[in-house]
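*Asks:* give me the fold of what follows.
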Amino acid sequence: MRDRAKALGMDMEWLPGGAVNTIFVPRSLTQVFDGRKGRRMWFNTVVGMHGKETSSAMLADGTEISETFVKRCEQIIEEESIQFKWEKGDVLFLDNMALLHGRRPSLPPRKVLVAICK
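*Replies:* Here you go, the predicted model:
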């Protein structure tokens with residue numbers, strides 16, 4: 001497992017009780033992926049991880065990312081978000097390398113089926 005993590009640019013620190021702390025090497029906020037015609041795409045968890053005690057996104061030199069920057073990123077994500085009403089039988093396919101995705105809170109019953117393919 002540690003070799004796989006290293007191949008992904010991550011180090012692992014095993015904690016008491018079996019938990020693991022994952023540490024990513026500094027990386028760009030955006031990346032260019034194969035098959036995307038050279039388009040630069042957002043590929044970072046700065047918004048989701050900012051300010052969390054156990055897993056905080058930081059600048060490469062270890063300093064905290066400014067709250068102003070993170071709030072602006074949140075605004076842009078919200079402005080660019082698309083929402084739609086789910087109906088029984090709906091299916092959604094996402095290409096993780098083509099878009100940022102998330103979800104709003106939902107009420108039960110909720111059934112999520114996931115397939116990961118390459």
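*Asks:* now for K37: which residues touch it?
*Replies:* With contacts taken as C-beta atoms under 8 Å, 6 or more residues apart in numbering, K37 has no neighbouring residues. Yep, even glycine has a C-beta here, placed from its N, CA and C like the rest.
*Asks:* assign it to helix, strand or coil.
*Replies:* The three-state label given to K37 by DSSP: H, G, I helix; E, B strand; the rest coil is coil.
*Asks:* tell me the pLDDT of the residue positioned nearest the centre of the chain.
*Replies:* Closest residue to the average C-alpha location of the chain: T45 at 4.4 Å, with C-alpha atoms, centre = their mean. Among the per-residue scores, T45 shows a pLDDT of 70.
*Asks:* how about I76?
*Replies:* Reading off the confidence values, I76 has pLDDT 86.
*Asks:* same deal with the one 4 residues further on?
*Replies:* Each residue has a pLDDT score; the one for E80 is 82.
*Asks:* tally of neighbours for it?
*Replies:* For E80, the tally of surrounding residues (other C-beta atoms under 10 Å) stands at 10.
*Asks:* what of the one 5 residues further on?
*Replies:* By the other C-beta under 10 Å criterion, the neighbourhood of K85 contains 5 residues.
*Asks:* that one and R104, how far apart?
*Replies:* 11 Å (C-beta to C-beta, to the nearest Å).
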